[in-house]
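Q: give me the fold of what follows.
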Amino acid sequence: MNIRLFLSMAFLAIILAGCSTPKDITYMQNAETLPPEVLKATAKINDPVIMSGDLLQISVSATNPELVKFFNKSEMVATGSTSSNPDNPMFYYLVDNKGYIDFPVLGKIYVVGKTQSAVEAEITNLIYPRYLAEKPGVEVRFQNFQVFTMGEVNRPGLIKSTNGRVTILEAISQSGDLTIHGRRDNVMVIHTNSDGSREVQRVNLTDKNLLISPVYNLRQNDVVYVEPNATKKRSSWAIPPAWQWGTSILSISLSIATFVVTVTK
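A: Just a heads-up that it's a prediction; the model follows:
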């Protein structure tokens, strides 16, 4: 076989081996084939649970704001401080390492492992009817609901949410999407549970069942890691020094052989 033809074919084989087909990078392939009743079953989203280190905004309301003034930390802080910045952490409740918040009038309340709605109901029952004749409105919101992205995304880092919800697609979108070298069929999601334990799950972004996966809705402090695909791994492989000499010698030998064949034709 002509040595130049052999070298050309070898080079072409290497290029093709490193290529990915468009199918490998398409998200949620054939998602339109999911039955409507299956998609409807995913409409109910479980509330995130509170964990130590969370920062909560809790507001208590009533028809007469003066009656619930002393149950609102923001009112208490504003009264004794010149700062009215709503982003001031003094307005919020930090869940301590033992799982408690220190609530005005009511004192210590254990909140770890509970949902927002459960804490709202508990505070309501602690206030009414002991302190108020009218049942108050109580709202609990996360101030630091966040997830993290890392690996083969264009802008890895922290993703924050003001409503306590982030889907894996939202996290990827806010991270500038995956790079072309990101492996889409085996994304790792690391959960931290309310008791401090961890669990790892894998998700295939190209699979239509992503939409009904329990990993679709991320939890507080989840880490989404996108590993590099085979092409990126090959490109980052370091050749040992001894091999570099061998590669150089082989390259020179092939060049000489090509020259000899050309001259002797």
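Q: and residue 158, how many neighbours?
A: For residue 158, the neighbour count with other CB atoms under 10 Å is 10. Just so you know, the C-beta spots here come from the backbone N, C-alpha and C atoms, and that holds for glycine as well.
Q: wait, isn't it in contact with residue 148?
A: Yes - if you go by CB atoms under 8 Å, residue 158 and residue 148 touch, sitting 5.9 Å apart.
Q: and stretch 49-63, C-alpha only, in CSV?
A: What follows is stretch 49-63 as a C-alpha-only set of coordinates in CSV (Å, rounded to 0.1, in the frame of the first residue of the first chain):
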residue,chain,number,x,y,z
VAL,A,49,-36.7,20.5,53.5
ILE,A,50,-34.9,22.9,55.8
MET,A,51,-31.3,22.1,56.8
SER,A,52,-28.8,23.5,59.2
GLY,A,53,-27.1,26.6,57.8
ASP,A,54,-30.2,27.7,55.9
LEU,A,55,-31.2,31.3,56.0
LEU,A,56,-35.0,31.8,56.2
GLN,A,57,-37.3,34.8,55.8
ILE,A,58,-40.4,34.4,58.0
SER,A,59,-43.1,37.0,58.0
VAL,A,60,-46.3,37.1,60.1
SER,A,61,-49.3,39.1,58.9
ALA,A,62,-52.7,40.1,60.3
THR,A,63,-55.5,42.5,59.5
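Q: could you pull out the buried residues of it?
A: Judged by neighbour count (16 or more other CB atoms under 10 Å), stretch 49-63 contains these buried residues: 49, 50, 51, 52, 54, 55, 56, 57, 58, 59, 60, 62.
Q: tell me which of the residues you listed fall in strands.
A: Applying DSSP state E to the buried residues of stretch 49-63, the entries found in strands are 55, 56, 57, 58, 59, 60.
Q: turn those residues into JSON lines, including distance to residue 114 and pLDDT.
A: Output for those, formatted as JSON lines (distance: CB to CB, whole Å; pLDDT from 0 to 100):
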{"residue": "55", "distance to residue 114": "15", "pLDDT": "93"}
{"residue": "56", "distance to residue 114": "11", "pLDDT": "94"}
{"residue": "57", "distance to residue 114": "16", "pLDDT": "93"}
{"residue": "58", "distance to residue 114": "13", "pLDDT": "95"}
{"residue": "59", "distance to residue 114": "17", "pLDDT": "94"}
{"residue": "60", "distance to residue 114": "17", "pLDDT": "96"}
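Q: still on that earlier bit, now, which of the buried residues of stretch 49-63 sits nearest residue 27?
A: Of all the buried residues of stretch 49-63, residue 27 sits closest to residue 49, with 28.5 Å by CB to CB.
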